[in-house]
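Participant: how would this look folded up:
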Amino acid sequence: MGEILTAGVIEMIRNDTVKNHEHMKPVLQVTELKLFTAQQEPSKERIRVLLSDGTAFIQGMLGITLNPLVKDGVLQVGSILRLDHFVCSEIQKKK
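Facilitator: Model (predicted):
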């Protein structure tokens, strides 16, 4: 792919340095993937992803429509990806 990671972008997102995420397309590396199954709805599997920009880590949940990428091995630990769209939420006072 020939891309380099967007160093420092995770801290910028956490600290609200960047107000408009719509124009950001950070390049990050997948460092962990973990499958979760909702107890109330076992058919709704979610995948937690840990991403690195080379200097910091951030975790998130993949949209359900992206699950096949993980199950088919297209997205795996070590993959380099560009986020074209993401939402940053605050949960328990953490981004």
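Participant: okay, and for the protein, where does confidence drop off?
Facilitator: Scanning the chain for pLDDT under 70 picks out 1-3, 17-22, 42, 95.
Participant: in it, what residue spans correspond to strands?
Facilitator: 27-37, 45-52, 57-61, 80-82 (DSSP state E).
Participant: deepest of these, which one?
Facilitator: Among those, ranked by average contacts under mean count of other CB atoms under 10 Å, first place goes to strand 45-52 (a mean of 17). Where you see a C-beta, it was placed from the backbone N, CA and C, and this is true even at glycine.
Participant: quick one: contacts of it?
Facilitator: 5, 10, 28-38, 57-62, 64, 66-67, 70 (CB atoms under 8 Å, 6 or more residues apart in numbering).
Participant: the strands of the chain: which one's closest to C88?
Facilitator: With CB to CB, the closest approach to C88 among the strands of the chain belongs to strand 57-61: 8.3 Å.
Participant: tell me the residue furthest from the middle of the chain?
Facilitator: Relative to the centre of the chain, the most outlying C-alpha is that of Q40, 24.3 Å out, by CA atoms, centre = their mean.
Participant: how close does that one sit to C88?
Facilitator: Distance, Q40 to C88, using CB to CB, to the nearest Å: 26 Å.
Participant: go on, A38?
Facilitator: According to CB to CB, A38 stands 22 Å off from C88.
Participant: skip the chain neighbours and tell me the closest residue to V74.
Facilitator: Take V74 and drop its neighbours on the chain: the residue closest to it by CB to CB, 6 or more residues apart in numbering is P68, 8.0 Å away.
Participant: how near is that neighbour to E45?
Facilitator: According to CB to CB, P68 stands 11 Å off from E45.
Participant: quick one: residues contacting V77.
Facilitator: V77 is in contact with 30-33, counting by CB under 8 Å, 6+ apart.
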